[in-house]
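[1] Here is my input, please return the structure:
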Amino acid sequence: MMSLDSITLYLVATMVAALLGAMMVFFGRQENSSALKWWGTAYLLGAASVALWTAAGDKLGPQLYLALNAVGFVACGMVWNAARVFHGRKPHWPGLVLGALAWVAAVTLLDPAASMLRMIIGAGIVSLYAALTASELWVERRKSLQRRWPAFVVPVMHGCVLMLPILIGSFLRPNDAGFSGSIWVTVFAVELVLYAVGTVFVIFMLVSERTVTAHRTAASTDPLTGMLNRRGFSEACTRVIEREAKAGRPVTVMIFDIDHFKSINDRFGHPAGDEMLKLFSTIVVSNLRISDLSGRIGGEEFAALLPCSLEEGVLVAERVREAFETSGIVVDEGPVDTTVSIGVAGGPAGTELEVLLASADTALYQAKRGGRNRVEAAEELPLSLENWRRQSAARVSVPRPEPATA
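    Numbers count the residues shown, from 1 in each chain. Just a heads-up that it's a prediction; the model follows:
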């Protein structure tokens with residue numbers, strides 16, 4: 001009765017695996033995901049192998065029986081390679097078939113009576129693939145542990161269940177066929193169902209997490225320069241300001257405005273303007289530390305936040321200004337002047353971003369009025385954001401003449 005129950009459980013497990021595999025292949029084609037296709041194909045191959053082995057194992061010839069087992073090990077290798085593909089790595093083709101080759105060699109070379117040794121080798125191969133899969137799924141350690149632990153635990157538990165009877169084998173009687181033929185066979189059958197469902201849950205969790213992250217990144221990134229856009233810059237700066245405030249450290253904000261950008265677009269065309277924007281974004285990023293933030297917050301307007309004093313911020317701004325001035329862009333019509341005006345403002349720990357931006361914008365306006373291609377530091381923070389907004393609106397209402405030359 002127990003044997004029938006075990007066979008039934010194995011058949012149920014294979015049907016579940018086949019259904020989940022077909023679903024992953026379907027979604028892999030819909031989403032053009034190579035990793036899902038790999039996972040789905042692995043499930044289908046493994047389900048077919050286990051189903052044929054369970055239903056007609058005794059009736060199969062030795063060569064077909066060996067081939068079915070080899071296909072099962074290839075499916076395990078495909079699960080590992082699917083995890084590699086998911087993280088952007090190339091498939092490991094030798095590793096894909098190495099387990100199957102090791103199993104074929106073991107069956108061919110070992111004494112036919114050494115069934116326990118073959119079982120140990122087979123369980124070891126599957127456990128090794130499970131460990132490799134777990135390591136691949138754990139590779140993005142920067143992710144939240146609350147989201148990552150199932151990806152690691154599920155394949156590890158699968159490998160442990162397979163290896164457990166081998167680890168405690170010295171405590172069992174080798175001829176205890178009742179034990180090995182009932183308890184562990186049933187445990188393996190139940191675990192196979194749980195592993196199939198649990199792995200698919202982990203896969204779709206990871207795929208969903210990556211999709212959400214991609215959309216969030218797209219929503220906060222400027223497509224032309226690859227820098228943070230206004231929304232992304234504001235959200236990131238808020239987090240940094242809060243972190244620095246807890247440590248009692250000041251922050252500095254600077255606003256960059258490329259000089260005469262409209263006339264450059266008019267004279268040389270928008271492609272030249274786009275190249276200038278990309279060049280400037282590269283210069284800003286290369287002159288900032290990895291802990292600094294920068295973003296494109298308008299057409300030709302950029303901003304940066306540095307966890308440092310105002311004096312240090314002015315030095316960095318001057319370095320950016322000099323680097324951009326000497327970079328130069330050459331088009332068919334000739335060289336294009338590359339200058340930028342920069343306003344810098346600093347504040348004590350905990351100063352709000354809007355207050356810092358308002359002060360930096362006032363300093364930027366002074367740099368423009370002072371002849372451009374210069375850095376101006378704000379003398380003080382605005383007393384009121386409402387007053388600053390009214391002053392900014394008044395400045396915008398007065399047209400700023402643009403010279404005819406760049």
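
[2] Please, where are all the strands along the stretch 201-350 of the chain?
    Secondary structure of the stretch 201-350 of the chain (DSSP state E, counting those that start in this stretch): strands at 251-258, 293-296, 301-306, 329-331, 334-336, 340-347.

[3] Let me have those strands in a markdown table, extended by mean pLDDT, mean neighbour count and distance to Lys59.
    C-beta coordinates here come from the backbone N, C-alpha and C atoms, glycine included. Below are the strands of the stretch 201-350 of the chain laid out as a markdown table (pLDDT from 0 to 100; neighbours: other C-beta atoms under 10 Å; distance: least, C-beta to C-beta, whole Å):
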| stretch | mean pLDDT | mean neighbour count | distance to Lys59 |
| --- | --- | --- | --- |
| strand 251-258 | 95 | 27 | 75 |
| strand 293-296 | 94 | 24 | 68 |
| strand 301-306 | 95 | 25 | 72 |
| strand 329-331 | 71 | 14 | 76 |
| strand 334-336 | 72 | 13 | 80 |
| strand 340-347 | 94 | 26 | 80 |
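
[4] Please identify which of these is closest to Glu275.
    Taking C-beta to C-beta, strand 329-331 is the member of the strands of the stretch 201-350 of the chain nearest to Glu275, at 6.1 Å.

[5] quick revisit: with distance to Gly95 as added columns, please give the strands of the stretch 201-350 of the chain in a markdown table.
    As requested, the strands of the stretch 201-350 of the chain are exported to a markdown table (distance: least, C-beta to C-beta, whole Å):
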| stretch | distance to Gly95 |
| --- | --- |
| strand 251-258 | 49 |
| strand 293-296 | 41 |
| strand 301-306 | 45 |
| strand 329-331 | 49 |
| strand 334-336 | 53 |
| strand 340-347 | 52 |
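
[6] Of all those strands, which one is nearest Thr199?
    Thr199 lies closest to strand 293-296 among the strands of the stretch 201-350 of the chain, at 38.5 Å (C-beta to C-beta).

[7] Determine how far that closest one lies from the middle of the whole chain.
    21 Å (C-alpha atoms, centre = their mean, to the nearest Å).

[8] got it, and stretch 19-36?
    20 Å.

[9] ok so, going back, go through the strands of the stretch 201-350 of the chain and name the closest to Pro91.
    strand 293-296 (37.4 Å).

[10] show me where this protein has helices.
    Using DSSP state H, the helices of the chain run over 2-31, 34-56, 62-86, 93-109, 115-137, 145-167, 177-219, 230-247, 261-268, 270-287, 310-325, 353-369, 385-397.

[11] As JSON lines, those helices with mean neighbour count would be great.
    Putting these into JSON lines (neighbours: other C-beta atoms under 10 Å) gives the following:
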{"stretch": "helix 2-31", "mean neighbour count": "17"}
{"stretch": "helix 34-56", "mean neighbour count": "21"}
{"stretch": "helix 62-86", "mean neighbour count": "20"}
{"stretch": "helix 93-109", "mean neighbour count": "15"}
{"stretch": "helix 115-137", "mean neighbour count": "19"}
{"stretch": "helix 145-167", "mean neighbour count": "17"}
{"stretch": "helix 177-219", "mean neighbour count": "16"}
{"stretch": "helix 230-247", "mean neighbour count": "15"}
{"stretch": "helix 261-268", "mean neighbour count": "17"}
{"stretch": "helix 270-287", "mean neighbour count": "17"}
{"stretch": "helix 310-325", "mean neighbour count": "19"}
{"stretch": "helix 353-369", "mean neighbour count": "21"}
{"stretch": "helix 385-397", "mean neighbour count": "12"}
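
[12] Serialize those to TSV and add fields for mean pLDDT and distance to Ala377.
    Listed next are these as TSV, based on pLDDT from 0 to 100; distance: least, C-beta to C-beta, whole Å:
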stretch	mean pLDDT	distance to Ala377
helix 2-31	77	50
helix 34-56	84	51
helix 62-86	86	48
helix 93-109	90	59
helix 115-137	81	49
helix 145-167	54	43
helix 177-219	66	33
helix 230-247	91	19
helix 261-268	85	23
helix 270-287	90	17
helix 310-325	94	5
helix 353-369	92	6
helix 385-397	55	17
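
[13] quick one, which of those is nearest to Gly295?
    helix 230-247 (3.2 Å).

[14] Compare the strands of the stretch 201-350 of the chain and give me the one nearest Leu117.
    Leu117 lies closest to strand 293-296 among the strands of the stretch 201-350 of the chain, at 59.7 Å (C-beta to C-beta).

[15] Quick one: residues in contact with the closest one.
    If you take C-beta atoms under 8 Å, 6 or more residues apart in numbering as the criterion, strand 293-296 is touched by 222, 224-225, 227-230, 232-233, 236-237, 240, 277, 281, 284-285, 288, 302-306.

[16] Mind doing that once more with 7 Å?
    222, 225, 227-230, 232-233, 236-237, 240, 281, 284-285, 288, 302-305 (C-beta atoms under 7 Å, 6 or more residues apart in numbering).

[17] and what of stretch 30-38?
    Under the contact criterion C-beta under 7 Å, 6+ apart, stretch 30-38 has outside partners Met24, Val25, Phe27, Gly28, Met78, Asn81, Ala82, Val85, Phe86, Val207.

[18] For the residue nearest to the first one when sequence neighbours are not counted, give its distance to Val74.
    In other words, Met24. Excluding the flanking residues, the one nearest Met24 by C-beta to C-beta, 6 or more residues apart in numbering is Gly40, at 3.3 Å. For Gly40, the distance to Val74 equals 15 Å [C-beta to C-beta, to the nearest Å].

[19] Also Cys308?
    The gap separating Cys308 from Val74 is 56 Å, by C-beta to C-beta.

[20] Between the strands of the stretch 201-350 of the chain, which one is closest to Ile121.
    Per C-beta to C-beta, nearest to Ile121 of the strands of the stretch 201-350 of the chain: strand 293-296, 54.1 Å.

[21] export that closest one as PDB, just CAs?
    Backbone C-alpha positions of strand 293-296 (Å, rounded to 0.1, in the frame of the first residue of the first chain) are rendered in PDB as follows:
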ATOM      1  CA  LEU A 293      24.500  62.400  -5.700                       C
ATOM      2  CA  SER A 294      23.800  64.100  -9.100                       C
ATOM      3  CA  GLY A 295      21.000  64.400 -11.500                       C
ATOM      4  CA  ARG A 296      19.500  66.200 -14.400                       C
END
